[in-house]
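**Q** following is a predicted model, sequence given first.
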Amino acid sequence: MAVVRIDPSSEQYRQFAELYTAARRARPSQIDRWNGDLYATVGEGRQWGSFRQDGSFALSQELVFDRLRPGAEPQQAVQAITTVLHETNHARTEIDAPSEPNAVVSRHSKALDEGLTEWVAVDDAQGFAERAGYGHLPEPEPEYPAAHQATEELLEYAAGPDNVADLASRAMDAPVVMRWDVIADEIVKNRLADVVPADPQHQQAARAELIHAMTHPEWEYLDKAPAEAGDNAAQRTTQALDKATQGIRDHYAHNPESPVPAQNPNFRVPQRAGQALSEVQERIVQHETQVDLAQLPAPSADARIEGPPAGRAAGEYSGRGSAGDGARFLSGSPSAAEATQFKPKLGNGARGAGTPAGGRGGVERPMHPTDRGRG
Amino acid sequence: MQFSEFNNAFSAARRRIRREGSDAIAPAEEQLQAMAPELESEEDRRVAASLIQKLPQYALPPRPRSALMHEALLVERAAYEAAGSVEERIAAMAEARRRIFEIAERAPADEAPGIQALTRVIEHLEDDLRDPVWPLAVPPDSDSR
């Protein structure tokens, strides 16, 4: 397989840049992480390609570029433009939100990112095809990968079947690590508005409790052992959410004045002073190494996720006796925190998170990918 | 109105028609036709009009799942749920992608791309296992590896 840089003055580059621009017109964002570089992977034919960490796109010549041309089978073209849409969506949001207490900085967020990005790409494909001049194309196959289906069930749980696209849009506008918080916010609004006060601390804590339920539901949230719960990831998540939701109701029945005692999902953000933790959260903290935030180095490749925190058995880490399998929705690393105070930067952490000005539907800044590529 | 707002309404209408059948077509057309003039650009309105014309097709039952698609879905889901070390999960996903493309080679031309597309997500998850994008997932001094 060869990786070939696409000349910015070429027709192939121009075609991609037009698709990129069309995708951004349909789903505007102030964030644009494409650096203007475009590559084709040639001669392999079994990898679609990706938006890369350096800000470039590298897409398959055989599976994507060749199928954007006249003469491709319609279903081939549908998947090629869905791939372009999927990758373009990766470039329109930030990844991290370091100061947000409810940020989930683990592969849980990558799994949701992939599921959500695919869900939105498939959902947008027909409109995108129309806009990009492929309006004659058929619907893609009505069979979707597991991450897509798990995402859909989660969105439906939170928003109901008629509002999933709206929730998906808001989640896509948030930084990748904040998307669980957007979904949790929807659950609080739709299922817990009668018990959780509007006060930001109450809201953040309730969302944090739900995020823990979504990202490691086997931990105490299920009455049944994971093996008995079956292998359906989405089913386990909704069961965990049901239990966490009831737990929040129970808390407010007895302690209406205090926020739910939930650990901040983002271990980099100190816990509020004096905040008590639930039994579940205490158990999580007991297994976490205490963090001296002042001593944390800047993020680096060496500091990235590779395994469970010290002191945690593999089974506790994964929930199903496996280490390092956080790419699924339902298992992986919880976060740790040592607490003094917190100060959310994004308000309620959901509506408008990741859209620095104007929230959802903000004005897209002018962009000329071709020009940048020449630069 | 931003196109994304219309698109979300179209998405909801499409899902409703798929769920409820042809009785849901007319109300959906009426709702979306009322929204379309509010769109900001002529291009947005053109795309919206074209999407509205597609609504009736969503009342048709989807094509039955083929045996090859069923086989590919089982492979993809097993890889997505696979437990084990990072290395074991990378191997499971790579093997699943290889098998799915082989299954697609046996499928008719109009079905093969849909089968191949099942690998799009696991390819990215596999990439992330090889080269994580996350800046910091656990305190670095507690990383046991």
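**A** Arrived safely.

**Q** could you use CA atoms for every contact and neighbour count after this?
**A** Fine.

**Q** mind listing what's buried along stretch B:62-73?
**A** In terms of neighbour count (16 or more other C-alpha atoms under 10 Å in any protein chain shown), stretch B:62-73 has its buried residues at B:68, B:69, B:72, B:73.

**Q** among the residues you listed, which pair sits farthest apart?
**A** The span of the buried residues of stretch B:62-73, defined through C-alpha to C-alpha, is set by B:68 and B:73 at 8.6 Å.

**Q** tell me how far residue A:264 lies from residue A:54.
**A** Residue A:264 sits 30 Å away from residue A:54, going by C-alpha to C-alpha, to the nearest Å.

**Q** of those two, who's got more company?
**A** Comparing residue A:264 with residue A:54 by other C-alpha atoms under 10 Å in any protein chain shown, the one with more neighbours is residue A:264, at 31 against 10.

**Q** domains of chain B?
**A** Using automatic domain parsing, the domain ranges for chain B come out as B:3-59, B:67-130.

**Q** between those domains, which gets nearest to residue A:60?
**A** Using C-alpha to C-alpha, the nearest of the domains of chain B to residue A:60 is domain B:67-130, at 11.5 Å.

**Q** check whether the closest one comes near chain A.
**A** Yes: residues of domain B:67-130 contacting chain A under C-alpha under 8 Å from any C-alpha of the partner chain: B:69, B:73, B:76-77, B:80-86, B:89, B:97-98, B:101, B:109-111, B:113-114, B:117-121, B:123-125, B:128.

**Q** select only the buried ones of the residues you listed in ChimeraX?
**A** Buried subset of the residues of domain B:67-130 next to chain A, written as a ChimeraX selection, criterion 16+ other C-alpha under 10 Å:
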select /B:69,73,76,77,80,81,82,83,84,86,89,97,101,111,113,114,117,118,119,120,121,123,124,125,128
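
**Q** among the residues of domain B:67-130 next to chain A, which ones are in helices?
**A** Counted as lying in helices by DSSP state H, out of the residues of domain B:67-130 next to chain A, are B:69, B:73, B:76-77, B:80-81, B:86, B:89, B:97-98, B:101, B:113-114, B:119-121, B:123-125, B:128.

**Q** what's the burial count for residue A:272?
**A** By other C-alpha under 10 Å, 17 other residues sit near residue A:272.

**Q** what bridges to it?
**A** Here residue A:272 shows beta-bridge partners residue A:340, assigned using DSSP bridges.

**Q** residue A:22 touches residue A:132, doesn't it?
**A** Yes: in this structure, residue A:22 is within contact of residue A:132 by C-alpha atoms under 8 Å, at 6.4 Å.

**Q** so where's the stretch 101-250 of chain A shaky on pLDDT?
**A** A:217-233 (pLDDT under 70).

**Q** quick check: residues of it near chain B?
**A** Residues of the stretch 101-250 of chain A lying close to chain B by C-alpha under 8 Å from any C-alpha are A:105-107, A:110-111, A:114-115, A:118, A:123-124, A:126-127, A:130-131, A:140-147, A:161-166, A:169.

**Q** in helices, which of these fall?
**A** A:107, A:110-111, A:114-115, A:118, A:123-124, A:126-127, A:130-131, A:146-147, A:164-166, A:169.

**Q** can you add distance to residue A:17 and give the domains of chain B back as JSON lines?
**A** Shown next, in JSON lines, are those (distance: least, C-alpha to C-alpha, whole Å):
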{"stretch": "domain B:3-59", "distance to residue A:17": "18"}
{"stretch": "domain B:67-130", "distance to residue A:17": "21"}
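
**Q** A strand includes residue A:3, no?
**A** Yes: under DSSP: H, G, I helix; E, B strand; the rest coil, residue A:3 falls within a strand.

**Q** ok, and the closest non-adjacent residue to it?
**A** Distances taken as C-alpha to C-alpha, 6 or more residues apart in numbering or on different chains place residue A:41 nearest to residue A:3, at 4.5 Å, with adjacent residues excluded.

**Q** quick one: average pLDDT of stretch A:48-65?
**A** Average pLDDT, stretch A:48-65: 96.

**Q** swap in stretch A:3-13?
**A** 97.

**Q** buried residues, that stretch. List them.
**A** Neighbour-count burial for stretch A:3-13 flags A:6, A:7, A:8, A:12, A:13 (criterion: 16+ other C-alpha under 10 Å).

**Q** report the buried residues of stretch A:136-152.
**A** Quick answer for stretch A:136-152 (16+ other C-alpha under 10 Å): A:137, A:140-141, A:143-152.

**Q** contacts only, for residue 32.
**A** Assuming you mean chain A. Residues counted as contacts of residue A:32 (C-alpha atoms under 8 Å, 6 or more residues apart in numbering or on different chains) are A:91, A:92, A:93.

**Q** wrong chain, I was asking about chain B
**A** With C-alpha under 8 Å, 6+ apart, residue B:32 has these contacts: B:6, B:9, B:10, B:52.

**Q** just these: which are in helices?
**A** Taking DSSP H as the definition of helices, those contribute B:6, B:9, B:10, B:52.

**Q** excluding covalently adjacent residues, which one is nearest to the second one?
**A** In this case it means residue B:9. Per C-alpha to C-alpha, 6+ apart, closest to residue B:9 is residue B:32, 7.3 Å.

**Q** what's the answer for the third one, then?
**A** The spatially closest residue to residue B:10, leaving aside those adjacent along the chain, is residue B:32, at 7.0 Å (C-alpha to C-alpha, 6+ apart).

**Q** before we move on, which element is that neighbour in?
**A** Taking DSSP states H and E as the criterion, residue B:32 maps to helix B:25-35.

**Q** figure out how far that helix is from the centre of its chain.
**A** Remark: helix B:25-35 is offset 25 Å from the chain centroid, using C-alpha atoms, centre = their mean, to the nearest Å.

**Q** for the stretch 151-300 of chain A, just list every one of the strands.
**A** Counting by DSSP state E, counting those that start in this stretch, the stretch 151-300 of chain A has no strands at all.

**Q** domains in chain A, as residue ranges please.
**A** A:2-92, A:117-298+A:308-318.

**Q** closest one to residue A:101 among the ones you listed?
**A** Nearest to residue A:101, of all those, is domain A:117-298+A:308-318, at 5.0 Å by C-alpha to C-alpha.

**Q** low-confidence stretches in chain B?
**A** Using pLDDT under 70, chain B drops low at B:134-145.

**Q** ok, now with 90
**A** For chain B, the stretches flagged by pLDDT under 90 are B:61-65, B:80-85, B:110, B:131-145.

**Q** now residue A:46, what's its secondary structure?
**A** coil.

**Q** the one 4 residues further on too?
**A** Per three-state DSSP, the secondary structure class of residue A:50 is strand.
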